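Asker: 3D, please:
(one chain, ligands or ions: 2)
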Amino acid sequence: MKPSVVLYKSLPDDLRQRLDEHFTVTEINGLTAENLEKHAEAFASAEGILGSGGKVDSEFLAKAPKLRVASTVSVGYDNFDVDALNQRGVLLMHTPTVLTETVADTMMALVLSSARRVVEVAERVKAGEWQSNIGPDWFGIDVHHKKLGILGMGRIGLALAQRAHLGFSMPILYNARKHHDAAEQRFDAQYCDLDTLLKESDFLCISLPLTEQTHHLIGREQLAKMKPSAVLINAGRGPVVDEQALIEALKDGIIHAAGLDVFEQEPLPADSPLLSLPNVVALPHIGSATHETRYGMAKDAVDNLIAALTGKVEKNCVNPQLLK
Ligand SMILES: NC(=O)C1=CN([C@@H]2O[C@H](COP(=O)(O)OP(=O)(O)OC[C@H]3O[C@@H](n4cnc5c(N)ncnc54)[C@H](O)[C@@H]3O)[C@@H](O)[C@H]2O)C=CC1
Ligand SMILES: O=C(O)C(=O)CO
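Answerer: Numbers count the residues shown, from 1 in each chain. Ligands and ions are numbered 1, 2, ... in the order given. Predicted coordinates for the structure are as follows:
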């Protein structure tokens with residue numbers, strides 16, 4: 001008999017077909033409380049789950065007593081309680097690597113659009129405001145040769161360093177839990193402590209995961225250490241930055257601008273003060289959102305689930321110690 005799995009994100013037809021070849025699939029529209037109740041039987045018999053978004057914690061696991069593998073269509077896994085999964089012996093599979101370059105492209109787009117005010121001035125053109133030669137009120141700030149600080153020098157941080165250093169002649173500073181040899185050798189990146197990164201970066205780019213240690217790592221005190229001309233870019237997770245403190249810093253001129261792909265609450269509420277600030281570029285969490293990359297992530301998530309439920313895991317496992 002094929003193992004039962006719950007699919008909580010729709011897949012392209014060919015990938016759905018591949019999943020059906022291996023498993024008996026129940027497809028639901030998200031891991032909502034309502035769906036957990038409505039599809040209680042499917043969760044009770046599920047050996048695997050595949051999707052993205054929604055909390056997977058001990059409360060969820062109590063409803064899925066046969067679960068062996070959770071496969072998320074994302075690299076970030078902050079919505080999973082990894083300790084609870086470990087206690088239950090449930091493997092967690094994710095999709096690093098396939099999205100790295102695309103997310104770095106998004107971060108570079110945020111750097112450029114925040115500095116050059118691309119969104120703001122394009123809207124002014126559409127509104128018919130371009131009536132004569134433009135003056136300083138349309139100008140932005142340079143990107144090339146400025147110092148780019150990377151907070152979280154992992155896969156995405158490295159790909160951003162490549163773009164910024166080789167493409168835009170930007171000196172790279174970074175902070176991470178440990179030195180990154182490839183970043184230092186290939187892009188001359190300089191390791192520094194967080195205070196130095198805050199004080200010296202012209203662009204502070206956050207590509208950190210959300211953990212207990214990184215929650216509100218950037219708050220009022222840290223923002224106050226940044227240059228008034230600095231731009232903050234966050235494509236890691238919203239709660240790494242204290243959003244209220246960021247709003248105040250942007251309003252009060254403590255920092256110059258922000259480019260944000262992630263927020264404390266997503267979707268960003270329509271009445272968020274961030275949306276009325278001209279010095280904010282706000283994107284709807286599109287870091288990995290290209291057709292090619294989203295397909296690649298879904299494919300990897302399907303392959304990860306098949307590998308893990310058939311005992312053939314070689315990569316993409318968050319808790320490989322369970323394999324021993
Ligand atoms: N906006 C979007 O659409 C996307 C956002 N992301 C976010 O980007 C994050 C990073 O992804 P990858 O680069 O693939 O992960 P990674 O694991 O390769 O890199 C994370 C880096 O953060 C560092 N780090 C972790 N905790 C730290 C701390 N307390 N202080 C300093 N450095 C710390 C690690 O040492 C590592 O260098 C993901 O966890 C996810 O939250 C990822 C993909 C898309
Ligand atoms: O993969 C992730 O962690 C995302 O945020 C979406 O690509």
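Asker: Show me what residue of the stretch 1-150 of the chain gets nearest to ligand 1.
Answerer: Gly76 (3.2 Å; CB to the nearest ligand atom). (C-beta placed from N, C-alpha, C; glycine too.)
Asker: now that residue, nearest residue through space, not along the chain?
Answerer: Leaving aside its chain neighbours, Gly76 sits nearest to Pro209 (5.8 Å; criterion: CB to CB, 6 or more residues apart in numbering).
Asker: what about that neighbour, neighbour count?
Answerer: Burial of Pro209 is recorded as 15 neighbouring residues (other CB atoms under 10 Å).
Asker: and if you look at the one 4 residues further on?
Answerer: Per other CB under 10 Å, the neighbour tally for Gln213 reads 10.
Asker: how near is the closest residue in space to Trp130 that isn't next to it in sequence to Val56?
Answerer: Excluding the flanking residues, the one nearest Trp130 by CB to CB, 6+ apart is Arg124, at 6.8 Å. According to CB to CB, to the nearest Å, Arg124 stands 44 Å off from Val56.
Asker: swap in Leu275?
Answerer: Leu275 sits 31 Å away from Val56, taking CB to CB as the criterion.
Asker: try Ser272
Answerer: Distance, Ser272 to Val56, by CB to CB: 27 Å.
Asker: which of those two has more neighbours?
Answerer: Each of Ser272 and Val56 has its neighbours counted (other CB under 10 Å); Val56 has more, 23 against 17.
Asker: How confident was the prediction at that one?
Answerer: Here, the pLDDT recorded for Val56 equals 98.
Asker: What are the neighbouring residues in contact with it?
Answerer: Residues near Val56 by CB atoms under 8 Å, 6 or more residues apart in numbering: 31, 49, 70, 79-81, 85.
Asker: gap between the closest residue to ligand 1 within the stretch 201-324 of the chain and Leu322?
Answerer: Per CB to the nearest ligand atom, Gly287 is where the stretch 201-324 of the chain lies closest to ligand 1, at 2.2 Å. Using CB to CB, Gly287 is found at 28 Å from Leu322.
Asker: Which one of the two is surrounded by more residues?
Answerer: Remark: of Gly287 and Leu322, Gly287 carries more neighbours, 24 against 17, as counted by other CB under 10 Å.
Asker: Tell me who's in contact with that one.
Answerer: Contacts of Gly287 (CB under 8 Å, 6+ apart): 99, 102-103, 106-107, 235, 261-262.
Asker: Include distance to ligand 2 and pLDDT when you put those into JSON lines, please.
Answerer: As requested, those are arranged in JSON lines below (distance: CB to the nearest ligand atom, whole Å; pLDDT from 0 to 100):
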{"residue": "Leu99", "distance to ligand 2": "5", "pLDDT": "98"}
{"residue": "Thr102", "distance to ligand 2": "8", "pLDDT": "99"}
{"residue": "Val103", "distance to ligand 2": "7", "pLDDT": "99"}
{"residue": "Thr106", "distance to ligand 2": "10", "pLDDT": "99"}
{"residue": "Met107", "distance to ligand 2": "12", "pLDDT": "99"}
{"residue": "Ala235", "distance to ligand 2": "8", "pLDDT": "98"}
{"residue": "Asp261", "distance to ligand 2": "8", "pLDDT": "99"}
{"residue": "Val262", "distance to ligand 2": "7", "pLDDT": "99"}
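Asker: biggest separation within those, which pair?
Answerer: Thr102 and Val262 (14.9 Å; CB to CB).
Asker: Spell out which parts of the stretch 151-300 of the chain neighbour ligand 1.
Answerer: Residues of the stretch 151-300 of the chain found near ligand 1 (CB under 6 Å from any ligand atom) are 152-157, 175-177, 207-211, 213-214, 235-237, 261-262, 285, 287-288.
Asker: rerun at 8 Å
Answerer: 151-158, 175-178, 180, 194, 207-211, 213-214, 217, 235-237, 261-262, 285-289 (CB under 8 Å from any ligand atom).
Asker: so of those, which ones are in strands?
Answerer: Judged by DSSP state E, those include 151, 175 as members of strands.
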